[in-house]
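1. pasting the sequence and the predicted model now:
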Amino acid sequence: MRRFCLLSALLLCAGFAQADECVVLLHGLMRSSTSMAPMQRELEAAGFLTANIDYPSRDHTVEELAPVAVGDGLETCRAYESTERIHFVAHSLGGILVRQYLAENEIPDLGRVVMLGPPNQGSAAVDELQGVPGFDWLNGPAGRQLGQGEDSVPLALGPANFELGVIAGNRTIDPITSSVLENPDDGRVSVADTKLDGMADFVVVDHSHAFMMRMQKPIELTITFLQSGSF
């Protein structure tokens, strides 16, 4: 009986340590909430509440998407009566949506933010490949805004004034796109261009842009940063 009580206490501490903390998950361009499902399961196992948001990444500009995606996440998290703090875990474009939203709005209950493969300094691949037939159909208005030219949204946004951890990848499964990026890169953005002034911590993992949010090491690093503020 004593052993059972001790085990129950340990499980209670592990499972509900962050029961007042909710994590908004935002997928990247051309993806859906399904891509963030492994991350969501691990966050919930660690005791976090979650809001895994779907948004039409190919249909609108960054400025139009940010209030929809981030706003839906905030609303979902605040619907949990126990929520006191709201974190964000965002892949690729999702991270730029968080920056765009915070440039125009305050989130009083904001916790920490983890970005995976974010084009914080834009991606040279957008500038080099946007003239290729089908680019706009595949990437939509927001995709065209992620370059490094005069229409770049990431470059127009300021430094991080929130607690941010960035996870970059250094493996690629797309040699064509990687050929126009500064090495090392993850197949969509160079490691150097994921960085952002004001970030609290930064780490590089041996994964590609397309799959890093599903891999165990980035997931573990994400949970560690949300719990402690460092990787």
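-> Nice, thanks for sending it over.

2. identify the bridge partners of the spatially most central residue of the chain.
-> For the chain, the residue whose C-alpha lies nearest the mean C-alpha position (C-alpha atoms, centre = their mean) is residue 90; its distance is 1.3 Å. Each beta-bridge partner of residue 90 is listed here: residue 26, residue 115, as defined by DSSP bridges.

3. next, the contact list for the nearest residue to residue 99 once chain neighbours are set aside, please.
-> With C-beta to C-beta, 6 or more residues apart in numbering as the criterion, residue 99 has its nearest non-adjacent residue at 4.8 Å, and that residue is residue 157. In this view, the C-beta of every residue, glycine as well, is placed from N, C-alpha and C. Applying C-beta atoms under 8 Å, 6 or more residues apart in numbering, one finds that residue 157 lies in contact with 96, 99-100, 103.

4. any idea how far residue 121 is from residue 157?
-> Here residue 157 is placed at a distance of 11 Å from residue 121 (C-beta to C-beta, to the nearest Å).

5. what does residue 52 give?
-> Applying C-beta to C-beta, one obtains 27 Å for the distance of residue 52 from residue 121.

6. so the two - more neighbours on which side?
-> residue 52 (23 against 18; other C-beta atoms under 10 Å).

7. quick one: that one from residue 28, how far?
-> Where residue 28 is concerned, residue 52 sits at a distance of 13 Å (C-beta to C-beta).

8. got it, and residue 195?
-> Distance check for residue 195 against residue 28: by C-beta to C-beta, it reads 18 Å.

9. neighbour count for these two, which is higher?
-> Between residue 195 and residue 28, counted using other C-beta under 10 Å, residue 28 has the larger neighbour count: 25 against 14.

10. pLDDT wise, what is that one at?
-> If you check residue 28, the pLDDT there is 97.
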